[in-house]
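# structure, please.
(one chain, ligands or ions: 1)
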Amino acid sequence: MNENAKLELNKALEISKKKTLRELFAAEENRASRYTVKAAGWLLDYSKNLVDKKAMKHLIAMAEASSLKEEIERMFSGEKINATEGRAVLHTALRNVDENAKVIVDGVDVIPEVRATLAKMAEFSNLVRSGKWLGFTGKKIKSIVNIGIGGSDLGPVMANIALTPYSKRSIKCYFVSNVDSTHLAETLRQVKAESTLFIVASKTFTTQETMSNAAAAREWLVARLKDDKAVARHFVAVSTAAEEVKKFGIDTANMFGFWDWVGGRYSLPSAIGLSLMISIGPANFTKMLKGYWKMDTHFRTAPFERNMPVILALLGILYSNGYGAQSYAVLPYDQYLSRLPAYLQQLDMESNGKSVARDGSKATWDTGPIVWGEPGTNGQHAFYQLIHQGTRLIPCDFIAACRTHNEISDLHDKLMANFFAQTQALALGKTADECRAEGVSEELVAFKTFEGNKPTNTLLTEKLTPETFGALIALYEHKIFVQGIIWNIYSFDQWGVQLGKVLAKGVLADLTSAKHSFAHDSSTNALVATYRKALKR
Ligand code: F6P
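Alright, predicted model coming up:
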């Protein structure tokens, strides 16, 4: 973070600490409308945050002091802003639905390739959906098993659940990610080889978990269909690495490509979303891309004071760096968004979990927060106690849709009543005097008092559709981008995941090797020995 940005943050913080949310609401009659912005089918009410217009001005000045406007343009125009990997960052090009779109990387317009891949995905999806793509024994495809991990899994899983109402329910999607054999075994127990299509999804096609699961799945299939040739009808690949795909034994005609300028955790709108496209159909997939693009366009063009991703990012920094908040909670009041917190964990924590500034020096300010959450109202009966009365500040994003896909009596009203009531309770709390006025006995007053003053954002849409879903994901992508810029870190690499991978290779060899002494630290050596003893090795 540069000195000017820090200065502006401190000014915002000083103002922020002067008034409680109760006082802020009392001081501004029309506070809700003053602190509400709309974009791409979403409404963000950020009035229940510890800011007023002056504090917001300083937060925006913090963004300006970090050259945010210029950095946004650098990303959208394909500059190689992922400097440690020497790559452009162009997930926005995947959903650029503008008729005259042109995005140049290394002298080449990438848009025609993007559209050609989408067309190939659509053709294949239609074949599978219509039952024209037949398995090796002539059976229609009834089950899709996506084998991938991280960005090649979390986005497709999360989106498949989110867009269930739009899915073709006669084709069921399964997801295998963990190298724990249980994950694969329990999935294979639910499907039949002759009617299953495996999508091996891996940007690099070298990831240990994915390649091991894919190899085991292939063996399982060939054992059942009793012919190697069956692989061509039951396995397709999604990858940037054609050579590796070939080596694995998948015909590259059955490969759907993407590019090194798509980060794994940003890859859902690329071919990585193939399982989703098969499930919801190409038309709905296109609607999702349009939703993404609406939010992209809003992000690129709206002034910061009305820019939804920018506002979310600035408020997040106020709490992380000003108030010392270690985490934030994502609380979707929508069962279809049940995996959104898990998806955002990778998106945010793999992007901004960095401690080195862009000039290579050690960052002396806090960067990416911990992200967690569960759907409401389940969370209310589990961890909300700590958010209401614990000692830590946990800013929360509350997310919901006004209309449900499943009208059953008054369940949705009840869900939404909880949704609205929680942010109210968190903001305003309940004073000791209010407790007394309710007849709470003096010895219990301290326990029953709610301090309040807990900041929340409310994100509301009319209905969760492919379009509003796409916009929601783009909102968080850009929020994370803005924070990375202000924290002056590289958000698009992930070197921190390498060391464990390398060490695991060495340990794996030791689990089966003939020698009985190992060259790790004493703890690892002892644990490996215990494991080998249990397996009588
Ligand atoms: O190990 C982290 C990571 O590189 C993620 O960034 C990525 O999404 C995941 O592994 C899977 O990688 P791939 O798609 O290459 O298999």
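# near the ligand at all, the helix ranked longest in the chain?
For the chain, the longest helix by residue count, based on DSSP state H, is helix 466-487. No: judged by C-beta under 6 Å from any ligand atom, helix 466-487 stays clear of the ligand, getting no closer than 13.8 Å. Every C-beta, even on glycine, is put in place using the N, C-alpha and C of the backbone.
# residues of the stretch 1-150 of the chain that sit close to the ligand?
149-150.
# for the stretch 1-150 of the chain, which residue gets nearest to the ligand?
Residue nearest to the ligand within the stretch 1-150 of the chain: Gly150 (2.8 Å; C-beta to the nearest ligand atom).
# what's the longest helix of the chain packed up against?
In this structure, helix 466-487 makes packing contacts with strand 42-45, helix 53-65, helix 68-76, helix 154-162, helix 282-301, helix 308-317, helix 351-352, strand 456-463, judged by 3 or more C-beta pairs under 8 Å, 6 or more residues apart in numbering; DSSP states H and E.
# any idea which helix or strand comes after the third one?
By that I understand helix 68-76. Once helix 68-76 ends, the next helix or strand along the chain (criterion: DSSP states H and E) is helix 91-94.
# ok, residues contacting that following helix?
Contact with helix 91-94 is made by 75-76, 78, 101, 103, 110-111, 114, 258, 261-263, 266-267, 269-270, 289, 292-293, 296, 477, as judged by C-beta atoms under 8 Å, 6 or more residues apart in numbering.
# just the buried positions in it, please.
91-94 (16 or more other C-beta atoms under 10 Å).
# which SSE is immediately downstream of that helix?
Per DSSP H and E, the first helix or strand lying C-terminal to helix 91-94 is strand 104-105.
# note down every partner strand of that following strand and its orientation.
Under the criterion DSSP bridges, strand 104-105 sits next to strand 108-109 (antiparallel) in its sheet.
# next secondary structure after the strand it pairs with?
Per DSSP H and E, the first helix or strand lying C-terminal to strand 108-109 is helix 111-130.
# give me the contacts around the following helix or strand past that next one.
With elements assigned by DSSP H and E, the helix or strand that comes after helix 111-130 is strand 143-147. The contact list for strand 143-147 (C-beta under 8 Å, 6+ apart) reads 128, 153, 156-157, 171-177, 187-188, 190-192, 195-201, 210, 213-214, 217, 274-275, 278-279.
# I'd like to check the angle between strand 143-147 and helix 154-162, please.
Strand 143-147 runs at 150 degrees relative to helix 154-162, counting by axes from the mean of the first three to the mean of the last three C-alpha atoms, to 10 degrees.
# what lines up beside strand 143-147 in the sheet?
strand 172-176 (parallel), strand 196-201 (parallel).
# just to revisit the earlier point, would you turn the buried residues of helix 91-94 into CSV with pLDDT?
Below are those laid out as CSV (pLDDT from 0 to 100):
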residue, pLDDT
His91, 98
Thr92, 98
Ala93, 98
Leu94, 98
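# got those residues as TSV, with distance to Lys132 columns?
Shown next, in TSV, are the buried residues of helix 91-94 (distance: C-beta to C-beta, whole Å):
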residue	distance to Lys132
His91	31
Thr92	33
Ala93	31
Leu94	27
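# got any ranges where the chain has weak pLDDT?
The model of the chain has no residue with pLDDT under 70.
# run the last query once more with 90
For the chain, applying pLDDT under 90 flags the ranges 249, 514-518.
# so for the ligand, which of the strands paired with strand 143-147 sits nearest?
Taking these one by one with C-beta to the nearest ligand atom, strand 196-201 is closest: 6.7 Å.
# residues touching Ser47, list them.
By C-beta under 8 Å, 6+ apart, the residues touching Ser47 are 25, 31-32, 34-36.
# what about 10 Å?
Ser47 sits next to 21, 24-25, 28, 30-36, 423, 427, 456-458 when contact means C-beta atoms under 10 Å, 6 or more residues apart in numbering.
# how many neighbouring residues does the closest residue to Gln494 other than its chain neighbours have?
In space, and not counting its chain neighbours, Gln494 is closest to Glu350: 5.1 Å by C-beta to C-beta, 6 or more residues apart in numbering. For Glu350, the count of nearby residues is 22 (other C-beta atoms under 10 Å).
# the one 3 residues further on now?
The local packing count at Gly353 equals 16, with neighbours defined by other C-beta under 10 Å.
# what of Thr196?
By other C-beta under 10 Å, 25 other residues sit near Thr196.
# hang on, it packs against Val128?
No: taking C-beta atoms under 10 Å as the definition, Thr196 is not a contact partner of Val128, at 11.3 Å.
# hey, what's in contact with both of these two?
In contact with both Thr196 and Val128: 141, 144, using C-beta under 10 Å, 6+ apart.
# ok, now how distant is Trp487 from Gly452?
Here Trp487 is placed at a distance of 29 Å from Gly452 (C-beta to C-beta, to the nearest Å).
# next one: Ala421
Using C-beta to C-beta, one gets 13 Å for the distance from Ala421 to Gly452.
# and the residue in the stretch 351-500 of the chain positioned nearest to the ligand, how many neighbours does it have?
Relative to the ligand, the nearest point of the stretch 351-500 of the chain is Val497 (3.8 Å; C-beta to the nearest ligand atom). Val497 has 11 neighbouring residues, counting by other C-beta under 10 Å.
# then Ile141?
Counted by other C-beta under 10 Å, the residues lying close to Ile141 total 22.
# that one is in contact with Trp133, isn't it?
Yes: between Ile141 and Trp133 there is a contact at 6.0 Å, judged by C-beta under 10 Å.
# which residues of the stretch 301-450 of the chain fall in strands?
Counting by DSSP state E, counting those that start in this stretch, the stretch 301-450 of the chain has strands at residues 327-332, 370-372, 396-403.
# contact residues of the stretch 201-350 of the chain facing the ligand?
Contact residues, the stretch 201-350 of the chain versus the ligand (C-beta under 6 Å from any ligand atom): 202-204, 207, 210, 264-265, 350.
# out of the residues you listed, give me the one that has the most neighbours.
In terms of neighbours by other C-beta under 10 Å, those top out with Ser202 at 28 neighbours.
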